[in-house]
Structure formats: structure tokens, C-alpha cells
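Using only what follows, build the 3D model:
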Amino acid sequence: MRAIRENGWVEVISGSMFSGKTEELLRRLRRTEIAGQSVAAFTPAIDDRYGQAELGSHAGHTWEATVVDNTPDGVRSIPNRLDGESVVAIDEANFFPVEIVTVIDDLANEGRRVIVSGTDQTFRGEPFEPLGQLMANAEYVDKLRAICAVCGEPATRNQRLVDGEPAHIDEPTIQVGAEETYEARCRNCHEVRRD
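Numbering: from 1, shown residues only. As a prediction, this is how the structure comes out:
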């Protein structure tokens, strides 16, 4: 594969919870820092698990970030918050509205490297937009897998738990949480209550 060198592009890191998406994003950002490239990182206001103004992984690594309202106007404000950075990182893109797709395309069209991470499936096992659209538009896509909390097989699904039981299909799509609320599960062990 030939690396893109002189144009902008989009990289998407997707997968289930606990698959290492943000850790991979942070690894790529550390490499850009080593290369002397300037970085602007953004995180949605709704995700306050690791502190308001930083990207954070379950492993405890962090990177300073600008908090953006997860509204259409908040997303459209991202280009105005840049100060010439050549690399733009956006964590938890699944929490942003569909307007993020156009903003990311515009940033890449301006010659920037845009690195995006996010969960690609809801707890129901359905596509978590706008990740599907971002994956379709990206030059590079990596789908990471976790380990199923039940059987130990590769996990690609997010199991939401309510009082230790699988969430009902009618629960809201977005509920920020970590190990107390979610488990990584394989296709076979993933459950959604419908009763």
C-alpha cells in the first residue's frame, strides 16, 4: 500500500468498546508528536468519563483536547478552532451528529490528516452513525476487536447491561458509560432484550 504524503486524508479507527480505539488514536498522536507535526484534538461534550478537556483511554493514557458540543453547530465550529494544525484528531465520533462527516471531509480536502475513532455499532448491534459514513469516505479504516467477556472469543459488539442484565431494545441509543454499564461481546454471546 502506498502512503499518502502530500494530500489530506481520513483514518477511521472503529470497533467495540474495550477494543483499544482511543489507545490506538493516542498511539498515532504520540507518533505525530515525534515527527514534529502539529495536532488539534477534539472530544464530544457528552463524553465526560476522563475529564472534560482530554482524550482518555481505559488504560489511563490521555491527550489534551478541545471539548465540542455534540450538536450540528458545535461540529461546524471545529474548523474555526484550528490554528494551522496539520493533524486533527476526533475521538468518539459516534456521539457527533451527521454534520461531522462534511466537516471531516472538508478538513481532509484542505490537506489535513484527520484521525477519527468511534464505536461502529450500537448496543443493539446496529450501525452507529455517522461511523458507517465516515468509514465509507475514509482512505484508511481499522476495525479493532476486544475479547468477549463471556466466552473469550473476538468481540465486535457492545453489550449494554442494566442491573447486570442485557438492556431492552427500547433503551436510548446513547448512554455514556464504561465497565459498569458495558461489556464487549462476540456475535454469539451478544443479547438484546425484546420482551
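
So which residues of the protein form helices?
Per DSSP state H, the chain carries helices over the ranges 21-34, 72-76, 99-109, 131-137.

Mean neighbour count, mean pLDDT and distance to Val162 added to these, as a markdown table?
In this view, the C-beta of every residue, glycine as well, is placed from N, C-alpha and C. Formatted as a markdown table, the helices of the chain follow (neighbours: other C-beta atoms under 10 Å; pLDDT from 0 to 100; distance: least, C-beta to C-beta, whole Å):
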| stretch | mean neighbour count | mean pLDDT | distance to Val162 |
| --- | --- | --- | --- |
| helix 21-34 | 18 | 94 | 24 |
| helix 72-76 | 17 | 97 | 29 |
| helix 99-109 | 20 | 98 | 29 |
| helix 131-137 | 19 | 97 | 24 |
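
any idea how far Glu92 is from the closest residue to Asp105 other than its chain neighbours?
Leaving out its chain neighbours, the residue that sits closest to Asp105 by C-beta to C-beta, 6 or more residues apart in numbering is Asn137, at 6.2 Å. From Asn137 across to Glu92, the span is 18 Å (C-beta to C-beta, to the nearest Å).

What of Ala45?
Taken as C-beta to C-beta, the span from Ala45 to Glu92 is 10 Å.

got it, and Arg81?
For Arg81 relative to Glu92 (C-beta to C-beta), the value is 17 Å.

Okay, strands next: where are they in this structure?
In the chain, the segments counted as strands under DSSP state E are 9-15, 39-44, 54-56, 62-64, 66-68, 87-90, 113-119, 140-144, 146-147, 154-155, 157-162, 165-166, 182-185.

ok, and for the fifth one, which residues are buried?
In this case it means strand 66-68. Val67, Val68 (16 or more other C-beta atoms under 10 Å).

any idea which residue sits dead centre in the chain?
Geometric centre of the chain, nearest residue: Gly118, 1.7 Å, by C-alpha atoms, centre = their mean.

residues touching that residue, list them.
Val12, Ile13, Ser14, Lys21, Asp91, Glu92, Ala93, Asn94, Phe95, Phe128, Leu131, Leu134 (C-beta atoms under 8 Å, 6 or more residues apart in numbering).

Go through these and name the one nearest Val39.
Distance ranking of these against Val39, using C-beta to C-beta, places Asp91 first at 12.3 Å.

Need the pLDDT of that closest one.
On pLDDT, Asp91 comes in at 94.

Include distance to Gln159 when you put the contacts of Gly118 into a markdown table, please.
Below are the contacts of Gly118 laid out as a markdown table (distance: C-beta to C-beta, whole Å):
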| residue | distance to Gln159 |
| --- | --- |
| Val12 | 23 |
| Ile13 | 21 |
| Ser14 | 17 |
| Lys21 | 17 |
| Asp91 | 22 |
| Glu92 | 18 |
| Ala93 | 21 |
| Asn94 | 16 |
| Phe95 | 19 |
| Phe128 | 14 |
| Leu131 | 18 |
| Leu134 | 23 |
